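In: Just a sequence and a predicted model for now, questions to come.
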Amino acid sequence: ASGGRGPPLDALVAEWTNRAGQLSLLEHLLKCPPGVYQFPADAEEAADADTVVVDGTLVATNCPNPRGWASSPVLQRLLHLSDDAALHPKVREIFVVGLLSCPEIILCALVRLQLSVARSADQAPGGDARAVAAANAGAGMPMKGELMRELIPLFFKPRRNTNAAGGGGGAQQQQQQQPPPPNVVRNMPGALRRLWGISQNTVVAACIEAWRSTSNDPPASRFQTVVHIIGVVRVLPSPENAIATILNGNKDPEFSLTVAFVMADHDMLQLRPWLTDRWNSAGANKGMFAVALISYVGKNYSQASARRNKPLVSVENLGTTLRFVLSLDAETMNGVVPTPNGKAVTLGESVKAIVDACLARHPGLAEALPNAGAAADRGSADGGGGGASVGSNQSGQQQQRPAPG
């Protein structure tokens with residue numbers, strides 16, 4: 001093909017007998033500039049391709065044909081071919097080129113394609129049409145999973161700072177062995193805004209997934225991930241709506257609370273009014289919210305430190321949260337909550353045990369909690385050994401459940 005003309009795209013992405021030859025041709029065309037082969041693009045595909053264009057300038061490197069990577073038929077065909085065990089490694093190799101040259105396009109086009117084929121599968125009238133739609137929706141699922149595992153960290157997690165690892169010569173050696181990955185994302189704001197336009201739920205889900213993937217990381221690393229996610233939200237077209245979805249959502253209470261705590265430490269949110277708003281909007285689920293809140297404190301209090309240290313959970317936020325929990329009404333406090341060993345205790349008993357543990361770990365909280373001492377004393381009397389079981393983990397290890405046993 002030359003002069004931007006060549007065989008129609010439909011012929012290139014149809015089912016071929018020579019699948020290896022088809023894959024080789026698609027790989028070649030993706031490396032060709034539009035002057036050699038012009039991939040047709042509808043408005044949505046063109047919008048995806050434009051994520052690597054800033055102020056009229058192509059910012060992606062080694063991406064001569066952005067519309068090829070944005071083409072739904074091309075991506076769909078590559079996914080189908082990836083299900084061929086003999087071709088899977090080559091398809092992955094081709095996608096790696098896209099990930100390194102234009103991850104912005106791959107992210108947006110892949111999510112848009114998946115939503116499109118899922119809708120088609122749901123709406124197909126039946127017969128052959130339904131079978132084709134179902135095949136498209138299920139095509140390349142392992143490859144899509146691999147790609148999303150690469151893409152989510154690129155956009156929703158900070159680049160690793162190897163200087164933060166360890167100390168002395170060991171850290172220098174680790175930095176040499178594990179250099180930070182190349183910054184292949186060149187228009188993150190543009191890609192995130194485009195992705196938000198495609199699917200707001202996907203953006204929120206990716207933020208949650210990025211957070212959950214840090215479950216075994218040290219607190220400093222988790223803190224940096226939360227800060228990065230807050231930065232992601234702030235570049236979206238409607239940051240207020242996005243942050244409200246994260247803060248007020250119920251998909252991952254721990255994530256919502258962590259974001260709120262970090263925002264409060266950065267003067268981006270007033271924690272006590274937010275806790276009150278969440279409480280008032282919980283309706284019949286007030287007890288569940290209270291349990292989630294005290295569980296979060298019980299899991300993280302031992303690693304808390306002063307706000308000036310930029311921790312994941314600050315002592316100041318602990319004080320604010322405990323004051324809020326201690327102010328809850330008697331009906332809520334008398335509600336029964338489950339424990340790991342099956343023993344039923346009241347929320348009030350669990351709160352008193354957590355307060356006692358927090359005061360033991362952070363004596364300075366006593367000034368912020370004028371009535372906490374009496375509450376902790378009553379908790380020890382009412383809950384038996386429960387307070388000890390909650391507060392005994394003073395080594396900084398995370399607890400699985402704060403309720404007393």
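Out: Nice, thanks for sending it over.
In: for Leu25, what are its contacts?
Out: Counting by C-beta atoms under 8 Å, 6 or more residues apart in numbering, Leu25 makes contact with Leu12. C-beta here means a position set from N, CA and C on the backbone, and glycine is covered the same way.
In: Using CSV, write out every CA atom in the strand or helix carrying it.
Out: Secondary structure assignment for Leu25, by DSSP states H and E: helix 19-30. Provided in CSV are the C-alpha atoms of helix 19-30 (Å, rounded to 0.1, in the frame of the first residue of the first chain):
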residue,chain,number,x,y,z
ARG,A,19,-3.3,-16.4,10.8
ALA,A,20,0.4,-16.0,11.2
GLY,A,21,0.5,-14.1,7.9
GLN,A,22,-2.4,-11.9,9.0
LEU,A,23,-0.6,-11.1,12.3
SER,A,24,2.6,-10.2,10.5
LEU,A,25,0.7,-7.9,8.1
LEU,A,26,-1.0,-6.1,11.0
GLU,A,27,2.3,-5.7,12.8
HIS,A,28,3.8,-4.2,9.7
LEU,A,29,0.9,-1.7,9.1
LEU,A,30,1.0,-0.5,12.7
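In: chain center to it: distance?
Out: Between the centre of helix 19-30 and the centre of its chain there are 34 Å (C-alpha atoms, centre = their mean, to the nearest Å).
In: Please identify the buried residues of that helix?
Out: Neighbour-count burial for helix 19-30 flags 22-23, 26, 29-30 (criterion: 16 or more other C-beta atoms under 10 Å).
In: pLDDT (mean, whole number) over whichever strand or helix holds Ala357?
Out: Take DSSP H and E as the rule and Ala357 turns out to sit in helix 347-361. Helix 347-361 carries an average pLDDT of 92.
In: cool, and stretch 65-78?
Out: 97.
In: before we move on, the earlier item: distance from the chain centre to the helix or strand that the helix holding Ala357 is followed by, please.
Out: Where DSSP H and E defines the elements, the next helix or strand beyond helix 347-361 is helix 365-368. With C-alpha atoms, centre = their mean as the basis, helix 365-368 stands 34 Å off its chain's centre.
In: Just the buried positions in helix 365-368, please.
Out: Leu365.
In: which ones are touching the nearest residue to Ala191 once chain neighbours are set aside?
Out: Counting by C-beta to C-beta, 6 or more residues apart in numbering, Ala191 lies nearest to Glu104, which is 3.7 Å off, once chain neighbours are set aside. Residues counted as contacts of Glu104 (C-beta under 8 Å, 6+ apart) are 51-52, 60, 185-188, 190-191, 194.
In: Next, the residues that contact stretch 120-136 from outside, please.
Out: 76, 80, 117, 137.
In: Of the contacts of Glu104, select the buried ones using a PyMOL command.
Out: The following PyMOL line selects those of the contacts of Glu104 that are buried, judged by 16+ other C-beta under 10 Å:
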select buried, resi 51+52+60+185+186+187+188+190+191+194
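In: For the contacts of Glu104, please prepare TSV with the additional fields distance to Ala220 and secondary structure.
Out: TSV is the format used below for these (distance: C-beta to C-beta, whole Å; DSSP: H, G, I helix; E, B strand; the rest coil):
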residue	distance to Ala220	secondary structure
Thr51	31	helix
Val52	33	helix
Ala60	32	coil
Val185	23	coil
Arg186	27	coil
Asn187	28	coil
Met188	22	helix
Gly190	30	helix
Ala191	27	helix
Arg194	31	helix
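In: returning to that earlier point: and the helix holding Ala357, how far from the chain's centre?
Out: That offset, for helix 347-361, works out to 31 Å (C-alpha atoms, centre = their mean).
In: distance of Gln114 from Val96?
Out: For Gln114, the distance to Val96 equals 19 Å [C-beta to C-beta, to the nearest Å].
In: and what of Pro66?
Out: 17 Å.
In: Which of the two has more residues huddled nearby?
Out: Using other C-beta atoms under 10 Å as the criterion, Pro66 and Val96 rank with Pro66 on top: 27 against 13.
In: wait, doesn't that one sit right on Ala46?
Out: No: counting by C-beta atoms under 8 Å, Pro66 does not reach Ala46; the two are 9.3 Å apart.
In: which strands and helices sit next to the helix holding Ala357?
Out: helix 286-300, helix 315-326, helix 330-333, strand 336-337, helix 365-368, helix 372-383, helix 386-391 (3 or more C-beta pairs under 8 Å, 6 or more residues apart in numbering; DSSP states H and E).
In: could you check the angle helix 347-361 makes with the second one?
Out: Using axes from the mean of the first three to the mean of the last three C-alpha atoms, to 10 degrees, one finds that helix 315-326 and helix 347-361 are set 160 degrees apart in direction.
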